[in-house]
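Peer 1: Return a 3D structure for these sequence lines:
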Amino acid sequence: MRCTRRVSASLAVVVLVVGLMAGCESEPVIVPTAEEVGTYYASTSRLSVEMSGNVAEVTVVQDAGQLRRGGSLWARVGPYIYLFSPPTQSLFTDYNGLAAVRVITTAPGGTEVARATLLRSSLNDLTWRRALNISGLARRDGTERLTLLEDLILWGEDHTEFEYDSRYTQR
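Peer 2: Numbering: from 1, shown residues only. Sure thing, here's the model as predicted:
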């Protein structure tokens, strides 16, 4: 009986070790280069990209007229227009090592207006669909229906880490 227990215990250990080794064989971690990230947002002019470790930092120069006419609303919505977009979703899908995307909007002179960081784990398939819907409506109809921009700002503030420059966002 002792012999049977030893064999069973040894077999259990072997099965456990083999199972652990099989679990260790995961796909390689892939982090994009700044150039690769830039290609995802290629349709956007006045954009620059840097990588800070495994975080993509996308800097976009926001139109001065937009900031002047739209005031606080346009200053706050800027990062979310880019974060909640198909390019950002595709980056997370294509690069498993990308931890976050940070969008920084600046005024034409280079002064930072706003920034927001979307962590990879912030959205799931369902919330991504909602984010893309809210963002798409804001891009398409936000000029005529300002409540769509407000909806995007609220969604962004609920799902990102964000900062606004008070010179642009005071009400």
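
Peer 1: in which helix or strand would I find Thr59?
Peer 2: strand 55-61 (DSSP states H and E).

Peer 1: neighbouring strands for that strand, and are they parallel or not?
Peer 2: strand 47-52 (antiparallel), strand 100-106 (parallel) (DSSP bridges).

Peer 1: Take these and lay them out in a markdown table including mean pLDDT, mean neighbour count and distance to His159.
Peer 2: All C-beta atoms are positioned from the backbone trio N, CA, C, and that covers glycine. Formatted as a markdown table, those follow (pLDDT from 0 to 100; neighbours: other Cβ atoms under 10 Å; distance: least, Cβ to Cβ, whole Å):
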| stretch | mean pLDDT | mean neighbour count | distance to His159 |
| --- | --- | --- | --- |
| strand 47-52 | 96 | 15 | 20 |
| strand 100-106 | 97 | 23 | 12 |
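
Peer 1: Of these, which is nearest Ala64?
Peer 2: Ranking the strands paired with strand 55-61 by proximity to Ala64 (Cβ to Cβ) places strand 100-106 first, at 10.7 Å.

Peer 1: which outside residues touch that closest one?
Peer 2: For strand 100-106, contacts defined as Cβ atoms under 8 Å, 6 or more residues apart in numbering pick out 52, 54-62, 75, 78-80, 82-83, 88, 91-92, 112-120.

Peer 1: among the residues you listed, which ones are buried?
Peer 2: 55-62, 75, 78-80, 82-83, 88, 91-92, 113-118, 120 (16 or more other Cβ atoms under 10 Å).

Peer 1: ok, then the element right after the lowest-mean-pLDDT helix or strand in the chain?
Peer 2: Counting by mean pLDDT, DSSP states H and E, the chain has its least confident helix or strand at helix 2-24, which shows a mean of 48. Tracing the chain past helix 2-24, the next element assigned as helix or strand by DSSP H and E is helix 34-40.

Peer 1: Alright, that wraps it up for me.
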